[in-house]
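Q: could you work out the structure for the sequence below:
(one chain, ligands or ions: 1)
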Amino acid sequence: MENKTPIIRMDGLGKAFTGSQGTVRALEDISLEIMPGEIFGIIGLSGAGKSTLVRCMNYLEVPTEGEVYYDGKPLSEMQDAELRKVRQSMGMIFQQFNLLAQRTVLGNICFPMEIAGTPREEAKARARELLKLVGLEDRENAYPAQLSGGQKQRVAIARAIATNPKVLLCDEATSALDPNTTKAILQLLKEINQSMGITVVIITHEMAVIEAVCDRVAIIDKSHIAEIGEVSRVFAEPKSKIGRQLILGDAAEKVEFGTGRLFRIIFDGLASSEPVISNVVLACKVPVNIMYAATRDIKGKAAGQMIIELPDHEPDIERVLQYLDRAKVPYEEVGKNEL
Ligand SMILES: Nc1ncnc2c1ncn2[C@@H]1O[C@H](COP(=O)(O)OP(=O)(O)OP(=O)(O)O)[C@@H](O)[C@H]1O
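A: This next block holds a predicted model:
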């Protein structure tokens, strides 16, 4: 693997808030690395500490313990001017969009460029380019109140990337949107990640958001990291209790492996193994135990086979097999002595 410096690294990070009600430890012992160009998800229940975590990334909140590194440099050692530059290189979008109501769409997108001292005409030209990128070229004179939620978030995205940031921090950016609009916004974030190489950090409480676009995920539970890893791995085999809860919902309680039925799934180079296994878990709400896997990745498609164990519960098995039929992934049941 390429030896790259993480764009964001947190090392033993903690954040405590002290007020009249006493001290709230919002984050404890958080260590993680976000690599340039990846889409990194942070998921957790309400109050877990997600927003505080993302605000520590650009020092909107100053941690009370540990260190944050941006491109290898500790933020705690930076002077104000350098910290401002780091902040400028991290765009941010929010659940409530935070657009300026008195400004048009074009005016909103020009705003950060005005602050950065970009000449007016240059800023307008760039804003128009960005409007094209987010699919709103015909709405430059509209005011935020005249836009739908999805359109507002598109404007917020264009504004956040106007000054060419290296990182885009998204705090519950799709939580106020319906499922179809959510899908479209996530697709746009993926396109921006791929075409511009911007690292994207997504904070959410919805596993479907993580599944749709993230490469890796950190699960935050009660101020700590419960689990961190490749989305495909975490989905297929959540190790933490909270991970099982978030991914499997009520089905998490039913997990009992060792007594289940075994199926050989054959990957013939037509499908990719990761979405197949994570969809089995997420769409079918059935936990999967991967007993054996010998698959090779060929241009994103898997070839080889995998043996999975499913809980011995007929309706669950039925759902998984129907899913595999629909996905045109061949399978067969195997006996325990065939392992
Ligand atoms: N400025 C603050 N002062 C005092 N306590 C705070 C402050 N900001 C956050 N907290 C507390 O820190 C904990 C974590 O909050 P945070 O907003 O980071 O969680 P979250 O996972 O983003 O939750 P949600 O999705 O509900 O926003 C909570 O107990 C919260 O009340």
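Q: how about residues contacting stretch 266-285?
A: 207-208, 211, 231-232, 235-236, 247-251, 265, 286-288, 290, 293, 295, 297-298, 300-306, 308, 316, 319-320, 323-324, 327-332 (C-beta atoms under 8 Å, 6 or more residues apart in numbering). Heads up, the C-betas are built off the backbone N, CA and C, glycines and all.
Q: if we use 6 Å, what do you get?
A: Applying C-beta atoms under 6 Å, 6 or more residues apart in numbering, the external contacts of stretch 266-285 come out as 211, 232, 235-236, 247, 249, 251, 288, 295, 298, 300-305, 319-320, 323, 327, 329-330.
Q: pull the CA atoms of it into CSV?
A: Extracted in CSV, the C-alpha atoms of stretch 266-285 (Å, rounded to 0.1, in the frame of the first residue of the first chain):
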residue,chain,number,x,y,z
ILE,A,266,-20.1,-18.2,-6.2
PHE,A,267,-18.8,-15.0,-7.7
ASP,A,268,-18.3,-15.4,-11.4
GLY,A,269,-16.8,-12.0,-12.1
LEU,A,270,-20.2,-10.3,-12.8
ALA,A,271,-20.9,-8.8,-9.4
SER,A,272,-18.8,-7.2,-6.7
SER,A,273,-18.6,-9.1,-3.4
GLU,A,274,-18.7,-6.1,-1.1
PRO,A,275,-22.2,-4.7,-2.0
VAL,A,276,-23.6,-8.2,-2.2
ILE,A,277,-22.6,-9.1,1.3
SER,A,278,-23.3,-5.7,2.8
ASN,A,279,-26.7,-5.7,1.1
VAL,A,280,-27.5,-9.1,2.5
VAL,A,281,-26.9,-7.6,5.9
LEU,A,282,-28.5,-4.2,5.4
ALA,A,283,-31.4,-4.9,3.0
CYS,A,284,-32.3,-8.3,4.4
LYS,A,285,-31.5,-7.4,8.0
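Q: in strands, which of the contacts of stretch 266-285 fall?
A: 295, 298, 301, 302, 303, 304, 305 (DSSP state E).
Q: any of the residues you listed buried? List them.
A: 295, 302, 303, 304, 305 (16 or more other C-beta atoms under 10 Å).
Q: list the contacts for residue 213?
A: For residue 213, the contact set (C-beta under 6 Å, 6+ apart) comprises 39, 186, 190.
Q: thinking again about what came up before, return only those of the buried ones among the ones in strands among the contacts of stretch 266-285 found close to the ligand.
A: Contacts with the ligand are made by none of these, judged by C-beta under 6 Å from any ligand atom.
Q: could I get the residues you listed as a markdown table with pLDDT?
A: A markdown table is the format used below for those (pLDDT from 0 to 100):
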| residue | pLDDT |
| --- | --- |
| 295 | 72 |
| 302 | 70 |
| 303 | 73 |
| 304 | 76 |
| 305 | 79 |
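Q: relative to residue 258, which of those residues is nearest.
A: Nearest to residue 258 out of those is residue 305 (C-beta to C-beta; 21.1 Å).
Q: quick one: contacts for that closest one?
A: Per C-beta under 6 Å, 6+ apart, neighbours of residue 305: 264, 266, 294.
Q: in space, what's closest to it - neighbours in sequence excluded?
A: residue 266 (5.2 Å; C-beta to C-beta, 6 or more residues apart in numbering).
Q: ok, the helix or strand hosting that neighbour: who's next to it in the sheet?
A: Taking DSSP states H and E as the criterion, residue 266 maps to strand 261-268. Strand pairing for strand 261-268, determined by DSSP bridges: strand 301-310 (antiparallel), strand 331-334 (antiparallel).
Q: residue 167 reaches residue 199, doesn't it?
A: Yes: with contacts counted by C-beta atoms under 6 Å, residue 167 reaches residue 199, the gap being 4.7 Å.
Q: which residues does stretch 323-337 contact?
A: So stretch 323-337 is contacted by 262, 263, 264, 265, 266, 271, 276, 280, 284 (C-beta under 6 Å, 6+ apart).
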